[in-house]
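Engineer: predicted structure and sequence below. I'll ask about it afterward.
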Amino acid sequence: MERIANLSLSVCVAGIILSSCGSGSQPEAGQKAAGVSLPAEIKAMMPKGEEIFKTKCIICHQPNGTGVEFIFPPLANSDYLLADKSRAVAQTLNGSKIEMTVNGKKYTQEMTPQVNTKEDAVAVINYVLNNFGNKGGFITLEEVKSIEIKPRSETDQLR
């Protein structure tokens, strides 16, 4: 019975969090980024990137990419994200425990690895780079071929 109560509480909390997310408008995946025509290879990965965002990233970074101030950094108009696309792919693959300053605000919340392949990391980063008002262009698999995928802990593998 206690497990059911805990599960119900968890579902309630998740519902509250999701309902408070807001409803930011986003362009359809694959649209061209503010004046940047995306190569066919990048356009083709946009639906996958959108799906990954909606299943892995949305709870922390919010539907409109604004994050939660001082807890989860924004992806929308993020100087940190746009400054180093390869770093964004590496953090999506391997997580991050570093303190970061995004748009002048400090964030220390740990990010766990979100995807297991470079293809998935590139897809979701390209989606983010071209949504939420970002004019980030794109990154290719070739540009991230030297990124090492670090071994996962047992907990990370369950995610």
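Structural biologist: Yep, it's here. Numbering: from 1, shown residues only.
Engineer: SS state for the residue nearest to residue 149 when sequence neighbours are not counted?
Structural biologist: Closest residue to residue 149 apart from its sequence neighbours, by C-beta to C-beta, 6 or more residues apart in numbering: residue 93 at 5.4 Å. Using the backbone N, CA and C atoms, a C-beta is placed for each residue, glycine as well. Using DSSP: H, G, I helix; E, B strand; the rest coil, the structure places residue 93 in helix.
Engineer: i'd like the first residue to be 43 from this point on
Structural biologist: Let's use 43 as the start, then, which means that last one is residue 135.
Engineer: contacting residues for residue 135?
Structural biologist: Going by C-beta atoms under 8 Å, 6 or more residues apart in numbering, residue 135 touches 155, 156, 157, 158, 159, 160, 163, 189, 191, 192.
Engineer: against residue 163, how distant is it?
Structural biologist: 5 Å (C-beta to C-beta, to the nearest Å).
Engineer: need the overlap of contacts for these two.
Structural biologist: Common neighbours of residue 135 and residue 163 (C-beta under 8 Å, 6+ apart) are 156, 157.
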